[in-house]
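**Student:** The following block contains a protein sequence and its predicted model.
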Amino acid sequence: MYGQWRGPLLRYLGALGLPGADAEDVAQEVFLALCHHLRREGGRENLRGWVFRVGHNLALRRREQRGRTVEEVEVADPAPGPEELALLSCRRERLQAVVAALPERDRWCLLLRAEGLRHREIAEVVEISLGAVAAALGRAVGKLAAVEGR
């Protein structure tokens, strides 16, 4: 589970505004809590959602303690030619600006969906209804599509 979920969890924690070292610390706390949860014979259904929920809560607490705000998500560009690189850079900046401007809950839903979580898992992590997840994702995708001219 650690090998499978560590990378996606770290990306999500980074998207919530935690710098690398803090995200690593929180991820370690999450997997330690998962070990304790499993040893206590805690529920084994939807452990991926459980991991993201605990990570989400710990990240928000850590952010509060540090007084940090959400940082922009970095997207790595491939190595195209200079013209293509300039176009990709402008596109990335537009999309990042849209994601950064989303309401926090919509941004969380979008980032969790990008990590492969299903609507039900997102609802559990963010503690909202399935309908609210669908609405948040619809708004977020609509705004991203509008920037892309689709």
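**Tutor:** Sure, I can see it. Numbering: from 1, shown residues only.
**Student:** only C-alpha atoms for contact and neighbour calcs from this point on.
**Tutor:** Fine.
**Student:** And Gly14, how far from Glu148?
**Tutor:** According to CA to CA, to the nearest Å, Gly14 stands 25 Å off from Glu148.
**Student:** Beyond the host helix or strand of Ala21, next helix or strand please.
**Tutor:** Taking DSSP states H and E as the criterion, Ala21 maps to helix 20-39. Sequence order places helix 47-66 as the next helix or strand after helix 20-39, per DSSP H and E.
**Student:** in that following helix, what's buried?
**Tutor:** 48-56, 58-60, 62-63 (16 or more other CA atoms under 10 Å).
**Student:** What residue, apart from its backbone neighbours, is nearest Leu117 spatially?
**Tutor:** Nearest non-adjacent residue to Leu117, counting by CA to CA, 6 or more residues apart in numbering: Gly49, 7.5 Å away.
**Student:** Who are the packing partners of the lowest-mean-pLDDT helix or strand in the chain?
**Tutor:** Here the helix or strand of the chain ranked lowest by mean pLDDT, DSSP states H and E is helix 82-101, holding a mean of 85. On a contact count with 3 or more CA pairs under 8 Å, 6 or more residues apart in numbering; DSSP states H and E, helix 82-101 meets helix 130-148.
**Student:** got a list of what Val126 touches?
**Tutor:** Residues near Val126 by CA atoms under 8 Å, 6 or more residues apart in numbering: Arg53, His56, Arg105, Trp108, Cys109.
**Student:** Please identify which helix or strand holds the third one.
**Tutor:** Read that as Arg105. Counting by DSSP H and E, Arg105 is found in helix 104-114.
**Student:** the inter-axis angle of the helix holding Ala21 versus helix 47-66?
**Tutor:** 140 degrees (axes from the mean of the first three to the mean of the last three CA atoms, to 10 degrees).
**Student:** what separates Gly7 from Ala15, distance-wise?
**Tutor:** For Gly7, the distance to Ala15 - CA to CA - is 12 Å.
**Student:** make that Arg91, sorry
**Tutor:** From Arg91 across to Ala15, the span is 19 Å (CA to CA).
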